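[1] Quick check, what structure comes out for this input:
(chains A, B, C and D)
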Number of protein chains: 4
Amino acid sequence: MIIVLKENYNSKQLDNLKQWLTNQGVRIHESYGVHQAILGLVGDTTHIDIDLLKALEIVEDVKRIQEPYKNANRKFHPLDTVVDINGVKIGGGHFQIIAGPCSVESEAQIMEVAQAVKAAGATLLRGGAFKPRTSPYAFQGLRQDGIKLLLEAKRLTGLPVVTEIMDISQLEAFEEIDVIQVGARNMQNFELLKKLSTLHKPVLLKRGLASTIQELLMSAEYIMSGGNTQVILCERGIRTFETATRNTLDISAVPVLKGLSHLPVLIDPSHATGVAKLVPSMALAATAAGCDGLIIEVHNDPPRALSDGPQSLLPEVFAGLVRKINRVRTAICETAEKRG
Amino acid sequence: MIIVLKENYNSKQLDNLKQWLTNQGVRIHESYGVHQAILGLVGDTTHIDIDLLKALEIVEDVKRIQEPYKNANRKFHPLDTVVDINGVKIGGGHFQIIAGPCSVESEAQIMEVAQAVKAAGATLLRGGAFKPRTSPYAFQGLRQDGIKLLLEAKRLTGLPVVTEIMDISQLEAFEEIDVIQVGARNMQNFELLKKLSTLHKPVLLKRGLASTIQELLMSAEYIMSGGNTQVILCERGIRTFETATRNTLDISAVPVLKGLSHLPVLIDPSHATGVAKLVPSMALAATAAGCDGLIIEVHNDPPRALSDGPQSLLPEVFAGLVRKINRVRTAICETAEKRG
Amino acid sequence: MIIVLKENYNSKQLDNLKQWLTNQGVRIHESYGVHQAILGLVGDTTHIDIDLLKALEIVEDVKRIQEPYKNANRKFHPLDTVVDINGVKIGGGHFQIIAGPCSVESEAQIMEVAQAVKAAGATLLRGGAFKPRTSPYAFQGLRQDGIKLLLEAKRLTGLPVVTEIMDISQLEAFEEIDVIQVGARNMQNFELLKKLSTLHKPVLLKRGLASTIQELLMSAEYIMSGGNTQVILCERGIRTFETATRNTLDISAVPVLKGLSHLPVLIDPSHATGVAKLVPSMALAATAAGCDGLIIEVHNDPPRALSDGPQSLLPEVFAGLVRKINRVRTAICETAEKRG
Amino acid sequence: MIIVLKENYNSKQLDNLKQWLTNQGVRIHESYGVHQAILGLVGDTTHIDIDLLKALEIVEDVKRIQEPYKNANRKFHPLDTVVDINGVKIGGGHFQIIAGPCSVESEAQIMEVAQAVKAAGATLLRGGAFKPRTSPYAFQGLRQDGIKLLLEAKRLTGLPVVTEIMDISQLEAFEEIDVIQVGARNMQNFELLKKLSTLHKPVLLKRGLASTIQELLMSAEYIMSGGNTQVILCERGIRTFETATRNTLDISAVPVLKGLSHLPVLIDPSHATGVAKLVPSMALAATAAGCDGLIIEVHNDPPRALSDGPQSLLPEVFAGLVRKINRVRTAICETAEKRG
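    Down below sits the predicted model:
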């Protein structure tokens, strides 16, 4: 951490600052130029509050050199974390495809989709029970009943299940759920993150629409700081000025996150684009970029006039996509055949 | 609502769609061109799920004409809502300044700041007890103890108090709090919004960092849809590419929101800029743009080496700012002397 | 095009509007609801000025249904455009890799890099002669001398050359250049685009940092409207709030552009990320997404202490990347072996 | 400037780097920690190419402490620049309102509007002759004829005139124009900036839609580096995710720019919002924020069915706005009565 002092600081303020920094356990390298005095802090600065320093009258600017996260940091944990979901491994060369409907709608629907995605090659099942919807007038999910149906689909297919939690009070319903998903809108619901940090259960943490990569890692740090090391990161599109897609999928987040952190990184092309016909090319792109897995919305196509989301693939399209994904995985890495 | 059909739709799909729309209680105006067929929906389309329509195979695009919110919509409630906070009114020409420290730190601190801001002209007191912090290693607030100190400051000064809730489970502690603040990161914590919609207590709803004005109004609609009409909107900066300020204060949100909605609109220049020296000019700008009030961070300056936020004003600076704010209010509207 | 009228329009204004629209050669479908009257325009609306309509007192909103570009629009030109650069084809299944240094620095440098990228599999050579630099104090390129060196490298290797024009006045120097590049900062330099529309030479048009996909296509339309149909589109990263990469590479622009337009689409992973170690994964991702080619910065590594850009690959890294790119191309499409 | 070295640098690379830096005329303060070695550069680092340093193998990161601009920097020119436009002064307490139509359309129109805005209190006349339009099919301006009409309006009213240049080749037509405007899309048209730097004529430089404040100042530096010190900065809205306004007016740019630079700062509320009814509140907000002037679109309202832009004010609305602007100026600064 580098502290740039204002030109006209006085020596008493400087002494106070140096005393305080020393008490925080860091050593100080001082450098005095004609116009600028600079303090370089050496040691663990993770716990130093950068806003506090910036507020000081004698400080012009503070710049971080070290990342402000430790548990999620690859520098301190060079080896990839492998998250084990009842025997289905993700990370460290293990690649998984999570698939299923946007919302659990009925027993028939979730059973049919679960079997279809399993047959197509998915290794985990997703399905929304508690649904975050922008409008209070839109369908809010089957909630506890949705969780029950999802667990039935798990028993039927053997696929571990992933579903989203929206509030701490729902936690009881997630006892048999294999992976708890924290949605993009809750990435900085810090009370929820703290609660999840006390569990021994994998958490799929989605990046917020306007969250930086560093903020995503800080939210992972929240979960890990309480002892839960089973965190899976997920990029699902960020909000930009472009309106041709619902959000802009930041695929470069894959190599950036894998450089900064040892945690597995998933991509969700369905929510990012919001358009089914764009999902396959984005899924292939994410695979080629080296992600550890994908989460893709698939729906069946019942003979109703109105079915679910504009971003969902039909099972047969999904099956064809899985075959291409596997070919791309082979193409980018000859020795990347690990699976399950 | 306008539905644009794909060129190659078939008549059976069209009949299904028209039947479904009619069942939703809207009338249909059809328009057939050479390349494009268009259905215009007439009636209340608030409850129609736009995503559902977009998912249909025969639909190319859906465009909303009506806003998807009703309770928050000025079209249905032309008169300004005036929120009454124990006699302190906001909206409909009533302008208020909420001031106080970022965090409640100690009894001495909150009492001193509360008295200072009251003397300077603030009419409500703010202070954070539950603090959302990006880092798990940063100060998380005094929590329940902070609430208690805030209530003591209320008793001392008579100022109604505003403080942030981060989770439904904290609600009990807010019984004597006058205005419950929903922070930017929780603007789409829909479970929390639904809970607050059952209360009879003013809610200060901050716009999310990457939330559109329409999404802010949809979150207000969540709170109002349960019967709580006491919602105060607050713009506090949006996330953009610019790094010279912490966020970009979207002052144009003031006239836009006041055109679309009847709810009072506040501006928070402290969090938007993150820099104390920019706060006065942004507070004056927001006032000139016609907002219904401001929420400003003020701290005292104890003889400690390290005090709080880089975005807080000293009480004497705040007092001078209040005088200028009042002059600007007079300048923009000769008859805008209503207060308290 | 849909025109939504204000509630309180008068019939004289409406008659004027309808008369004007009819004069523009479009037919009008009228739809009158309780709260809203809507005019649907049928016919070619490309030439109708949407801003003009929005300015009318009786108009509440105007929404486009048709795209405002015609020459670049796949609806009117369903087959892929294949741009032929002295026998090197791009688009319509033909995939090309353009490579070379950021700037042409010296004869030795450009000759060495040109030979290296050719050996590695590049089929076109890039190199900056006129360099747009944010700072007036930074290296501005060798300009005309750079063009000459580039043409020497072309003679040596037989590779067609691509280089950037910054101003109409430089055009004379580009006579022997095979592809004229319009940089991101000049995407809306409309005078330059109009000039290029009079040439019979391929133009590589880069998307602006804050330009929408529609604006990119409108700029292509400028070039095409004068008769130059040889336009190659290029996504090179857009500006977002994220600072971990220089820009955010919008890979979803590939399938979106290829859906809307028949023009070839390139990706520039070097400028998008600004970091050499991220370039290979982004190049592979773009390939998997179905782009028609890549433009990649490669530099040699002379024994100088200071070499060029942080975003450039060494020739041997580039050669390995080309092999992987070819494998990914095979993986996504069995019949995609066309080249050159 | 701070250079952070990689952990595993070797001493030969370090010696090379230090030698090179010393040759650039800066002194080096070295600081070696357990994990990190840091070089602090002391002296004038304006001319050091930060990208060059970042490219070095031994460098992990480079952080600027000093701003990379000098002529535009308030640190080196503490006093406000006052631009004198034929006796009309702007900056240093002098506040001016530039008004006129978006485009010059006809002699009658520009004469009528020019007289109306003068009567209302405008002190400079604006009007577009060369018009940058997104679509090649939209009206491109009267070009040279528009310039002539503008100069006639200048003779009639005595108001100095401001109009936009789009290309170097148009420069001859600007000989009698008082202020040359560089539009947002040309803010980084560096060849144009270099040409303007050789003139002795005020330049109104608009911020690009996706340009940072630092980039705006770097473009000002381009103009100033050739000796033209008469630069007026103008914020006109930046591109964000919000679609309720055309762009988001970044009013905080006013105090930020005035802190960093001595150049006058204008606000253009018309282009920023794109909606006439939002212009007055944004103009007042900008005034309250302390800008040095405004540029506002005003059109007359001929009895034609279709007039110009949705963002233009009628002369009588503009006149009322000028009165309020003057009241706000008095409110924020008792001694700010300087004018013209």
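[2] Point out where the stretch 51-200 of chain A drops to low pLDDT.
    Counting by pLDDT under 70, the stretch 51-200 of chain A contains no low-confidence range.
[3] which ones are touching whichever residue of it sits closest to chain C?
    As assessed by CB to the nearest CB, chain C sits closest to residue A:67 within the stretch 51-200 of chain A, at 11.0 Å. Any C-beta I mention is one placed from the backbone N, CA and C, and that applies to glycine too. Residue A:67 makes contact with A:73, A:75, A:214, A:217, A:260, according to CB atoms under 8 Å, 6 or more residues apart in numbering or on different chains.
[4] Wasn't it part of a helix?
    No - going by DSSP: H, G, I helix; E, B strand; the rest coil, the assignment for residue A:67 is coil, not a helix.
[5] Show me the strands in the stretch 151-300 of chain A, by range?
    For the stretch 151-300 of chain A, applying DSSP state E, counting those that start in this stretch gives strands covering A:161-165, A:179-182, A:203-206, A:231-235, A:265-267, A:293-297.
[6] In chain A, which residue sits closest to chain B?
    For chain A, CB to the nearest CB, closest residue to chain B: residue A:210, 3.0 Å.
[7] For that residue, the count of nearby residues, please.
    Using other CB atoms under 10 Å in any protein chain shown, residue A:210 has 24 neighbouring residues.
[8] ok, now which ones touch it?
    So residue A:210 contacts A:238-239, B:208-210, B:239, C:241 (CB under 8 Å, 6+ apart).
[9] and the contacts of residue A:67, which two are the farthest apart?
    Farthest apart among the contacts of residue A:67 by CB to CB are A:75 and A:214. That separation is 14.0 Å.
[10] Comparing those two, which residue is more hemmed in?
    Per other CB under 10 Å, whichever of residue A:75 and residue A:214 has more neighbours is residue A:214, with 18 against 14.
[11] That one contacts residue C:244, doesn't it?
    Yes - if you go by CB atoms under 8 Å, residue A:214 and residue C:244 touch, sitting 7.2 Å apart.
[12] which bits of chain A sit near chain D?
    A:2, A:4, A:27, A:29, A:31-36, A:38, A:40, A:42-43, A:61, A:63, A:65-66, A:239-241, A:243 (CB under 8 Å from any CB of the partner chain).
[13] and if we set it to 10 Å?
    A:1-2, A:4, A:7, A:26-44, A:60-61, A:63-66, A:75, A:209-210, A:238-243, A:247-248 (CB under 10 Å from any CB of the partner chain).
[14] Now, of those, which are buried?
    A:1-2, A:4, A:26, A:29, A:31, A:36-43, A:60-61, A:63-66, A:209-210, A:238-242, A:247-248 (16 or more other CB atoms under 10 Å in any protein chain shown).
[15] Report the inter-axis angle for the longest helix belonging to chain A versus strand A:293-297.
    The residue-count maximum for a helix in chain A (DSSP state H) belongs to helix A:315-332. Here helix A:315-332 points in a direction 160 degrees away from that of strand A:293-297 (axes from the mean of the first three to the mean of the last three CA atoms, to 10 degrees).
[16] near chain B at all, helix A:315-332?
    No - Helix A:315-332 does not reach chain B (CB under 10 Å from any CB); its nearest approach is 13.1 Å.
[17] tell me the mean pLDDT for that helix?
    The predicted model gives helix A:315-332 an average pLDDT of 96.
[18] That helix packs against which elements?
    strand A:96-100, helix A:107-120, helix A:279-288, strand A:293-297, helix C:279-289, helix C:315-332 (3 or more CB pairs under 10 Å, 6 or more residues apart in numbering or on different chains; DSSP states H and E).
[19] you'd agree residue A:84 is in a strand?
    Yes - looking at residue A:84 with three-state DSSP, it is inside a strand.
[20] if we can go back for a sec, identify whichever of the helices and strands packed on helix A:315-332 lies nearest to residue C:104.
    Of the helices and strands packed on helix A:315-332, nearest to residue C:104 by CB to CB is helix C:315-332, at 16.2 Å.
[21] mind listing what's buried in the closest one?
    C:315, C:318-319, C:321-322, C:324-329, C:331-332.
[22] what angle do that helix and helix C:279-289 make?
    Using the same axes, to 10 degrees: helix C:315-332 against helix C:279-289 is 20 degrees.
[23] I'd like to check the angle between helix C:315-332 and helix C:107-120, please.
    Using the same axes, to 10 degrees: helix C:315-332 against helix C:107-120 is 30 degrees.
[24] could you dump helix C:315-332 to PDB, C-alpha only?
    In PDB, the C-alpha atoms belonging to helix C:315-332 read as follows (Å, rounded to 0.1, in the frame of the first residue of the first chain):
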ATOM      1  CA  PRO C 315       6.100 -14.900 -31.900                       C
ATOM      2  CA  GLU C 316       6.400 -18.300 -30.400                       C
ATOM      3  CA  VAL C 317       3.400 -17.800 -28.100                       C
ATOM      4  CA  PHE C 318       1.500 -16.600 -31.100                       C
ATOM      5  CA  ALA C 319       2.400 -19.700 -33.100                       C
ATOM      6  CA  GLY C 320       1.100 -21.900 -30.400                       C
ATOM      7  CA  LEU C 321      -2.100 -19.900 -30.200                       C
ATOM      8  CA  VAL C 322      -2.700 -20.300 -34.000                       C
ATOM      9  CA  ARG C 323      -2.500 -24.000 -33.600                       C
ATOM     10  CA  LYS C 324      -5.100 -23.900 -30.900                       C
ATOM     11  CA  ILE C 325      -7.300 -21.500 -32.800                       C
ATOM     12  CA  ASN C 326      -7.300 -24.000 -35.700                       C
ATOM     13  CA  ARG C 327      -8.300 -26.800 -33.400                       C
ATOM     14  CA  VAL C 328     -11.200 -24.800 -32.000                       C
ATOM     15  CA  ARG C 329     -12.400 -23.900 -35.500                       C
ATOM     16  CA  THR C 330     -12.500 -27.600 -36.300                       C
ATOM     17  CA  ALA C 331     -14.300 -28.300 -33.000                       C
ATOM     18  CA  ILE C 332     -17.200 -25.900 -33.600                       C
END
